[in-house]
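A.B. asks: Here is my input, please return the structure:
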Amino acid sequence: MGNGWNLERLEGNFEIKRKEIEVVSDKFANKWKDNLEYLKNSKILREALDEYEKLAESYLEGGDEYYLYWLKLQLDESNPKLKAKYNKAEEFKKNIEDKIRFFILNVSKISKEKQKEFLESEELREYRHFLENLFLEGKYLLCEKEEKIMNLKSSGAYSFWVDMLSGFLSKEEGFVFDENLMEVKKSFSEIRSLTENKNKKVRDKAINVFNKIIEKYEDVAENELNAVLENKRVNDKLRGFERPDKSRHLEDDIETEIVDALIESVTERGFEISRKFYTLKASLLNLKKFTYSERNIEYGEISKEFDYENSQKLIAKIFSELDKRFSEILSYFIEKDQIDVFAKKGKRDGAFCVDMLKNQPVFVMLNHTNRLKDVLTFAHEMGHAIHKEFMKEKNNSLNIGTPKSTAEVASTFMEDFILQELLKDVNEEEKLILMIQKLQDDVQTIMRQVACYKFEQELHKEFRKEGYLSKKHIGKLFTKNMKSYLGEIFKDGKDMKNGWIYWPHIRSYFYNYSYASGLLISKALQKMVKYNAENIEKVKEFFYSGTSDSPKNIFNKIDIDISNKEFWKRGLEEIEDLLNETEELAKKLGKI
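C.D. replies: Residues are numbered from 1 along each chain as shown. Below is the predicted model:
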C-alpha cells in the first residue's frame, strides 16, 4: 500500500484496445443503423438496449486510455506529453460517440404513442427511467448531423474561451508578504489564498496584488464571458429551451419547479441567516467592515494536527458506527491504492472523487496537509466514493451516475458526521472555532451558491435583452447579488465588483444550485439517522438507487418530499439554530 494511485489496472496496449472498441462499436452500428425495428417493438428495443448497455459498461468514454491519461494529467498538469496523449484519446472518444450517436437520437424521437407503450412495458422495466429521460431530452435534440456539429463546435465556441482566461490567470505571479512579513513571489492561487490570511498586513498586501492582476484581465474577461453567453443563447435557440437554466434541470433530472422552490426558500430565509452570520463573524474578528476577499478569514486556530494515518482511523471509526459496509469500502480503497493523498509539484489543487465506466475503479484525489479541513475533505470525498460503489452494485451501466441535483448528498452526509465527532473532543474555545467554521461552510455551500445562481439568471436575461454586456454592467449585477447574501457589513470594493472574472462555475451554466440542494437533503438524512440509527438503511437505499428513478421519486420512497418548499426551509432552520447556539457560546466566552 502506498499513498498514490495504482493505475496499472488501466494500463495496456492501447492500439489493441482501440481496435477492440472499434470492432464492438462498428458491430453495434452496423446491426442497428438501418434496422429500425427497435423503434416499433419492445422486445427488439430491449435487445438493442442490452447491447448498448454493454457498450456503456466497458467501451464508451474512450475506454481505459482516456480515463488513464485524464487521471495522469491531474497529477502532472503541465506535462505536454501527457496532454498530447490525452488529446488523442479524447479525439478517439468523440469519434466513437459520433459513430453510435444515431441510436440515442432515434430512441429519443419515438412517437408519443410508442413512448407510452414502451414506458408501460414490463420487457423494458429495467430501462424505464433511462427511457423517460431520453424522451424528455428528445424534444430538444437536433438531427444526427446537427448534433455532430454541436459536438465539434463546442471547443472553439466555448472551451477555448474559458481555457484562455483561466490559463492567463494561472500564469500570473506577484510579490506579497509571508507570515514573517518578508516580501516573496507567489502564484495566482497562492496570492488568492493569502487574501484570507488572519494577519491584516499579509491580507491587505495580497488583496492589493490580487486586485491588480484581476484588473489586468477585465477586458479579456468581458469578451470571454460575452462569448460564453452568446454560445449559450445560440444553443438554447437551436434546441428550443424557453429559459436559460432549463437545460441544466433536464440534465440533472430535476423538475424546474423544485429548483425554483429551493432558490426562493434560500433567498427568503437563508440570506437573512447568512447576513446575521457575517455580522457575528465581524464582531468576533473585531472588524467594522469586511472586504469581499475577507469573507473566508478563519476565526481562531486549532493547533492539533491531523496526519493521514490518524485521519484514516477517525473516519474508519465513524463510518463503521454508521454502517460496516462504509468502513469496508474505505479499507478497500486504501488497500488497492485508489487514493492519491499528498500534495506534490505539478499536481492539481483541491480534491475530487471520479469514475467513468462501471467496470473501471473509482479514484479519490486529496492534497492532505494535516489540517482539520483535510480530515473533513477526506470524509467528503469518501462519501462520494461510497455512493459510487453502492450504485454500481445494483444497477446496470445506464443507471449509474449521480445527477448534479443530488451529487453532494453523500459527501456532505459523511463529512458532517466527522465534524460532529470532532466537536465531542474539544474545549469550549475550540468548539466555538469549529462551529464558526461549520457555519461558514454551510453559508458558502448554500447561500453563496444560490446568490451565484440568481446572478447567472440575471446575467443571461440582461445579455439576451442588450446583446452585449460591459464589464461595468456585469460588475454591477455581480455586486448586487453578492450583497444580497453577504449584507451591509461588506464594502463595495474592486474585489467584489470583479469577483465574476475568476469564478469558473459561472461558465458552467447554472449548476451552483446543486451544492445547496445536496447539503439541505443531506441534513434531512442526518436528522433521520440521529433520530433512529436504523434509518441508515433508508440512506443506503438512496445510495443504491443511482439514476434508476428521478431524485424526487427516490426521496419520496424514503419519506422526503423535495418538491415541498417547506422541506428546504426546515434545513435552513437547522443552520439558524446552530447560529443562535454559536452566538450564545460566544457571549458566554466573552467574545462579543
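A.B. asks: what about V176, which SS state?
C.D. replies: V176 carries the three-state label strand when classified by DSSP: H, G, I helix; E, B strand; the rest coil.
A.B. asks: how deep is it tucked in, by neighbour count?
C.D. replies: 24 (other C-beta atoms under 10 Å). The C-beta positions use only the backbone N, C-alpha and C, and glycine is treated the same way.
A.B. asks: do the one 3 residues further on as well
C.D. replies: Per other C-beta under 10 Å, the neighbour tally for E179 reads 10.
A.B. asks: Same check on E8?
C.D. replies: Neighbours of E8 (other C-beta under 10 Å): 9.
A.B. asks: So for it, what's the pLDDT?
C.D. replies: On pLDDT, E8 comes in at 95.
A.B. asks: cool, L434 as well?
C.D. replies: Taking L434 on its own, its pLDDT is 93.
A.B. asks: mind checking how far it is from A84?
C.D. replies: When C-beta to C-beta, to the nearest Å is applied, the distance between L434 and A84 equals 46 Å.
A.B. asks: Domain-wise, how is this protein divided?
C.D. replies: Per automatic domain parsing, the structural domains of the chain span 8-139, 172-216, 308-425.
A.B. asks: looking at those, which one has the lowest mean pLDDT?
C.D. replies: When I compare these, domain 172-216 is least confident, with a mean of 90.
A.B. asks: where's that domain relative to the chain centroid, distance-wise?
C.D. replies: 27 Å (C-alpha atoms, centre = their mean, to the nearest Å).
A.B. asks: same deal with stretch 220-227?
C.D. replies: Here the centre of stretch 220-227 is set off from its chain's centre by 24 Å, with C-alpha atoms, centre = their mean.
A.B. asks: To F478, which of the domains of the chain lies closest?
C.D. replies: With C-beta to C-beta, the closest approach to F478 among the domains of the chain belongs to domain 172-216: 12.3 Å.
A.B. asks: all helices of the stretch 251-400 of the chain, in order?
C.D. replies: Assigned by DSSP state H, counting those that start in this stretch, the helices in the stretch 251-400 of the chain fall at 256-265, 271-284, 308-322, 324-335, 372-394.
A.B. asks: sorry, back to before: deepest in the core, which of the domains of the chain is it.
C.D. replies: A comparison of the domains of the chain by mean neighbour count, using mean count of other C-beta atoms under 10 Å, puts domain 308-425 on top with a mean of 19.
A.B. asks: Span of that domain from start to end?
C.D. replies: 19 Å (C-alpha to C-alpha, to the nearest Å).
A.B. asks: Same question for stretch 327-346.
C.D. replies: Terminal residues of stretch 327-346 lie 31 Å apart, using C-alpha to C-alpha.
A.B. asks: and if you look at stretch 280-296?
C.D. replies: End residues of stretch 280-296 are separated by 13 Å (C-alpha to C-alpha).
A.B. asks: circling back: dump the helices of the stretch 251-400 of the chain to a markdown table, plus distance to I44.
C.D. replies: Shown next, in a markdown table, are these (distance: least, C-beta to C-beta, whole Å):
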| stretch | distance to I44 |
| --- | --- |
| helix 256-265 | 34 |
| helix 271-284 | 54 |
| helix 308-322 | 45 |
| helix 324-335 | 39 |
| helix 372-394 | 26 |
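A.B. asks: out of those, which comes closest to K88?
C.D. replies: helix 372-394 (27.3 Å).
A.B. asks: who does the very next helix or strand once past that closest one touch, helix- and strand-wise?
C.D. replies: Note on helix 372-394: by DSSP states H and E, the next helix or strand toward the C-terminus is helix 409-423. Under the contact criterion of 3 or more C-beta pairs under 8 Å, 6 or more residues apart in numbering; DSSP states H and E, helix 409-423 touches helix 308-322, helix 372-394, helix 428-442, helix 513-531, helix 536-545.
A.B. asks: now the angle from helix 409-423 to helix 324-335?
C.D. replies: Calculated by axes from the mean of the first three to the mean of the last three C-alpha atoms, to 10 degrees, helix 409-423 forms an angle of 90 degrees with helix 324-335.
A.B. asks: Pull the CA coordinates from helix 409-423 and hand them back as CSV.
C.D. replies: The C-alpha trace of helix 409-423 is given here as CSV (Å, rounded to 0.1, in the frame of the first residue of the first chain):
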residue,chain,number,x,y,z
VAL,A,409,-25.7,14.5,-0.7
ALA,A,410,-23.5,11.5,0.3
SER,A,411,-20.3,13.6,0.6
THR,A,412,-21.8,16.2,3.0
PHE,A,413,-23.6,13.5,4.9
MET,A,414,-20.2,11.7,5.7
GLU,A,415,-18.4,15.0,6.3
ASP,A,416,-20.9,16.3,8.8
PHE,A,417,-20.8,13.1,10.9
ILE,A,418,-17.0,13.5,11.2
LEU,A,419,-17.3,17.1,12.3
GLN,A,420,-19.8,16.2,14.9
GLU,A,421,-17.4,13.6,16.3
LEU,A,422,-14.6,16.3,16.4
LEU,A,423,-16.9,18.6,18.4
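A.B. asks: and for that helix, what are the contacting residues?
C.D. replies: For helix 409-423, contacts defined as C-beta atoms under 8 Å, 6 or more residues apart in numbering pick out 314-315, 317-319, 322, 326, 353, 372, 375-377, 379-384, 386-387, 431, 434-435, 438, 445, 518-519, 521-523, 525-526, 539, 542-543.
A.B. asks: same question, stretch 517-528
C.D. replies: By C-beta under 8 Å, 6+ apart, the residues outside stretch 517-528 that reach it are 254, 259, 262, 405-413, 416-417, 442, 445-446, 535, 538-539, 542, 555, 558, 560, 562, 567-568, 570-572, 574.
A.B. asks: now it, how far from the chain's geometric center?
C.D. replies: 17 Å.
A.B. asks: ok, back up a step: let's have the domains of the chain in a markdown table, adding distance to H249.
C.D. replies: Below are those laid out as a markdown table (distance: least, C-beta to C-beta, whole Å):
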| stretch | distance to H249 |
| --- | --- |
| domain 8-139 | 10 |
| domain 172-216 | 31 |
| domain 308-425 | 8 |
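A.B. asks: follow-up on the earlier one: out of the helices of the stretch 251-400 of the chain, which gets nearest to K171?
C.D. replies: helix 372-394 (26.6 Å).
A.B. asks: which strands and helices sit next to the lengthiest helix in the chain?
C.D. replies: In the chain, assigned by DSSP state H, the helix with the most residues is helix 80-108. If contacts are counted by 3+ C-beta pairs under 8 Å, 6+ apart, helix 80-108 sits against helix 14-32, helix 42-58, helix 63-75, helix 128-138, helix 144-154.
A.B. asks: redo that, cut-off 6 Å
C.D. replies: Applying 3 or more C-beta pairs under 6 Å, 6 or more residues apart in numbering; DSSP states H and E, one finds that helix 80-108 makes contact with helix 14-32, helix 63-75, helix 128-138, helix 144-154.
A.B. asks: The residue lying closest to E298 once chain neighbours are set aside and K471: what is the separation?
C.D. replies: Counting by C-beta to C-beta, 6 or more residues apart in numbering, E298 lies nearest to K198, which is 6.1 Å off, once chain neighbours are set aside. As for K198, its distance to K471 is 32 Å (criterion: C-beta to C-beta).
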